[in-house]
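> model the structure of this input:
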Amino acid sequence: MIKKNIKETKFFSLFSQNKKLSLIVLQILFTILLFFIIIASIEPKKVSMKVGDISPYEIRATKDIEDKRTTEKLQNEAMERVDPIYRINPSIQMQMKNDLRILFNIVKDVKSYDDMDTNSKISFLKEQSNLNLSEKDYSIFLKLENKSINELENTMHDIINQIMGSGIKEEELEYERGTVKSIFNSLDMTKEEKELGIKIINTTIKPNKFLDVEATQRKKEEEAEKIEPVIVKEDQVIVRKEEKITPYTYELIKESGLLKEKDGYEITTIIGTLIIILIIQSIIGLYLYNFNIEVLNSSKIIILDIIVISILIISLGLHSISPYLMPVSTAAMLITLIVNSKLALIINFILTFLIGMIIGGDNGIIAMMLVGGSIASFSVMNSSQRYNIFFNGVLVGVANILTILSFGLIKNAEVLDILLRSGYGLFSGVLSAILTIGTLPLWENIFEILTPLKLLELSNPNQPLLKKLLMEAPGTYHHSVVVGNLSEAAAELVGANPLIARVGAYYHDIGKLKRPYFFKENQFGMDNPHDKLNPTLSTLIITNHTKDGLALGEKYQLPEEIKDIIVQHHGDTVLTFFYYKASKGKNGKEMKLEDFRYKGPKPKTKEAAIIMLADSSEAAVRSIKSPNKGKIEEMVRNIIKDRLEDGQLEECNLTLKDLNIIANTFSNVLLGIFHDRIEYPKLDIKEVKGES
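Numbering: from 1, shown residues only. Okay, here's the model as predicted:
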């Protein structure tokens, strides 16, 4: 145990000797740790898999991604449903009619040539005609009367209009030739005329309905564009546990950014994360530099780092259960108790920003964290007992419920969802209080942080040291209570910490416990032992009470601030009574004033200086016979003037204006304590009752 304490002492000694270097190293470690927490949460957990592998765990989409394969399949199906677009070429029908007209005109002309025999006419027709007809066909033509020829021509024109008007595709050509044959067979004509008509039309007929490739393609593209992209929603399951990786799911995993193609993080992610951290640290650093510079030079900066890291880790761990369960308000409560509520609000804002960035929380979650943290920082400001923090946590939970309810109503959420989220929000506030109560002693003891709750506990009369003071040195105890009242009242008016001033006053004279009867306030009806002692020895006994008090403070593990007040509350003032007594003695000329001074140091803080003045003022005023307002005020101002002229207030931050306020405050409080009282006459109770 002794070895362990020696090691701890060496560590803290080394830390204090290299304070700035240690703080820089710790901040670098904090930055590195914060970096890995953020980047590990922002950068999705990637998998190293290939097609055909069995997934060892369930894989979900990290964001909304387009299922390109399914979308493309639906688009192809839509394009296949599009009917081909055809266009009719009217020039083909016109060409057919023109060829028929030429043919029939030639036939009519040739028939009128009387100087030509039949064979010559047939040969001539074959040469002049564009149609591939046989000699038999031309022979039939020449045998027909002109009237029949005209009727045949008109009939053929009608048939062409009928079958070509709606268009004929290449694959429909044979079918339409059969249609021509059927039409002719139904007409009232000779067999030769029908055969000739069929032969002529079937020889001249051509497809006039063609596929419009460009128009069809445009229509297909239009239909494909109407298909909405198929989206795989964020957090939707891509591959279930022990399911085989298919080419389809492999592409989805890759699109989600979950496929590990190389080791490490993307350089852009690293740079972005570092920039965010530097911005956050700059905001906190600038705030502390301008408003709480003492935090930067103390262990409190380490506590801030630990709180931020811890709450981030706890919150991200509980996020898997519900984001409404995250106890972000814990940071606001702890920082308010350890530093102040203003810094707590700044840290709560930054934590909310970080968690919102990491988890991508919606507005309702972010609003709940902001509102809950703000309520937490304000509610614990005046907490006087640790159990009060629990009720503050319930208050935070109620604020969470109201925030969740408001956003639930705005977004028309389901009633069951609102109730479930509200339950988590209430428990989040309670959990924040539990974490605050549970961890607060760690900060107070390990880092020796003096919190308002710690001070209130120290002010409890049942504290062992105060109880010991009351039992063994009641006069000193009463004196300390009065000094506490004086100090608290003055500290509140000059910007000092009234709670530290009051508690410091309670313990400032605990060193008198070693020799209580050597101090006037404890000498009830007994001789003063200093009357029989050498003034030098008396001085040593009296001045040692600060040293003895420090030893008791260390034994009872009092905070550093209180121990500083114990050793500083007399500064290096002179015990004038004993110096005067010694100077009148046998060796009076050899006495030095410095030998009758306290060893110091002088008060370093406002609280220590106020207790010094209150201590001296209370003792001096108590010695006044028939005290009144004028006497008390004069005595108080003389005490303050003496301490000022003696240089005892050189190292604290009290101004002359502050000293004037302190003098007025002391005078008013002391007047209420030491006012003149009515002297009651001595009465015989029997006379009052009229008894003889």
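
> domain parsing for this structure?
2-41+266-449, 86-211, 455-673 (automatic domain parsing).

> what is the rounded mean pLDDT of the last one?
Think domain 455-673. For domain 455-673, the mean per-residue pLDDT is 90.

> before we move on, what about the second one?
Within the predicted structure, the mean pLDDT of domain 86-211 is 81.

> can you give me the helices for the stretch 51-200 of the chain?
With DSSP state H, counting those that start in this stretch, the ranges of helices along the stretch 51-200 of the chain come out as 68-80, 90-111, 118-128, 135-143, 146-165, 173-185, 191-204.

> looking at these, which is nearest to residue 445?
helix 68-80 (60.0 Å; Cβ to Cβ). The way it works is simple: take the backbone N, C-alpha and C, and place the C-beta from them, glycine included.

> to residue 21, which of the helices of the stretch 51-200 of the chain lies closest?
Short answer: helix 68-80, nearest of the helices of the stretch 51-200 of the chain by Cβ to Cβ, at 55.7 Å.

> now stretch 219-229: average pLDDT?
The predicted model assigns stretch 219-229 a mean pLDDT of 86.

> output the domains of the chain as CSV; include the columns mean neighbour count.
Shown next, in CSV, are these (neighbours: other Cβ atoms under 10 Å):
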stretch, mean neighbour count
domain 2-41+266-449, 18
domain 86-211, 15
domain 455-673, 19
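
> in CSV: the ones you listed, plus distance to residue 73.
As requested, those are arranged in CSV below (distance: least, Cβ to Cβ, whole Å):
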stretch, distance to residue 73
domain 2-41+266-449, 31
domain 86-211, 25
domain 455-673, 72
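
> out of the helices of the stretch 51-200 of the chain, which gets nearest to residue 341?
Per Cβ to Cβ, nearest to residue 341 of these: helix 68-80, 52.7 Å.

> now for the host helix or strand of residue 238, which elements pack on it?
Secondary structure assignment for residue 238, by DSSP states H and E: strand 237-239. If contacts are counted by 3 or more Cβ pairs under 8 Å, 6 or more residues apart in numbering; DSSP states H and E, strand 237-239 sits against strand 59-60, helix 247-255.

> as CSV, these with distance to residue 534, mean pLDDT and mean neighbour count would be great.
CSV is the format used below for the helices and strands packed on strand 237-239 (distance: least, Cβ to Cβ, whole Å; pLDDT from 0 to 100; neighbours: other Cβ atoms under 10 Å):
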stretch, distance to residue 534, mean pLDDT, mean neighbour count
strand 59-60, 87, 76, 20
helix 247-255, 92, 79, 17
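
> now those as JSON lines including distance to residue 167?
Shown next, in JSON lines, are those (distance: least, Cβ to Cβ, whole Å):
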{"stretch": "strand 59-60", "distance to residue 167": "56"}
{"stretch": "helix 247-255", "distance to residue 167": "44"}
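
> closest to residue 542 out of those?
Closest among the helices and strands packed on strand 237-239, using Cβ to Cβ: strand 59-60, at 76.3 Å.

> and that closest one, what does it pack onto?
Contacts defined by 3+ Cβ pairs under 8 Å, 6+ apart place strand 59-60 against strand 237-239.

> tell me the strands beside the strand it packs on, with direction?
strand 59-60 (antiparallel) (DSSP bridges).
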